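Peer 1: got a predicted structure plus its sequence, pasted below:
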Amino acid sequence: MGKLMELSEWREKRFSSPPPLRTCQHWAAVGEIPAVKRGKKWFVDVEQEEKQTGNPLVDDILNGTKKAS
């Protein structure tokens, strides 16, 4: 786990026009962004998020999380 940033702060820094907090919470819950929930708050793994390519299959392969068929 890399450097963690609170989700609300991350979305303000990441987007010029931030999406709703609820949308970002959904992304975190379904794994679209690397995040962990601590208590009632979500935190984004900033280092891991910066490494994402935007292609889920490529990201899985690069991170070693995709199982070979």
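Peer 2: Good, I have the coordinates. Numbering: from 1, shown residues only.
Peer 1: the longest helix along the chain: what's the following helix or strand?
Peer 2: Looking across the chain with DSSP state H, the single longest helix is helix 21-30. Later in the chain than helix 21-30, the nearest helix or strand by DSSP states H and E is strand 35-38.
Peer 1: adjacent strands (with direction) for that following strand?
Peer 2: Partners of strand 35-38 in the sheet, by DSSP bridges, are strand 41-45 (antiparallel).
Peer 1: can you list the buried residues in the helix or strand just after the partner strand?
Peer 2: Toward the C-terminal end, the helix or strand that comes next after strand 41-45 (DSSP H and E) is helix 46-51. Judged by neighbour count using 16 or more other CB atoms under 10 Å, the buried positions of helix 46-51 are 46, 48-49. The C-beta positions use only the backbone N, C-alpha and C, and glycine is treated the same way.
Peer 1: roughly how far is helix 46-51 from the heart of the chain?
Peer 2: Remark: helix 46-51 is offset 8 Å from the chain centroid, using CA atoms, centre = their mean, to the nearest Å.
Peer 1: run through who's touching the following helix or strand past that helix.
Peer 2: Downstream of helix 46-51, the next assigned helix or strand under DSSP H and E is helix 56-63. Applying CB atoms under 8 Å, 6 or more residues apart in numbering, the set of residues contacting helix 56-63 from outside is 48, 51-53, 66.
Peer 1: rank those by pLDDT and give me only the lowest.
Peer 2: Taken together, the contacts of helix 56-63 show their lowest pLDDT at residue 66, with 57.
Peer 1: okay, the buried residues of helix 46-51 in TSV with distance to residue 27 next?
Peer 2: Converted to TSV, the buried residues of helix 46-51 look like this (distance: CB to CB, whole Å):
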residue	distance to residue 27
46	14
48	13
49	10
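Peer 1: quick check, nearest of those residues to residue 39?
Peer 2: Of all the buried residues of helix 46-51, residue 46 has the smallest distance to residue 39: 19.1 Å, by CB to CB.
Peer 1: how far away is that closest one from residue 12?
Peer 2: According to CB to CB, to the nearest Å, residue 46 stands 13 Å off from residue 12.
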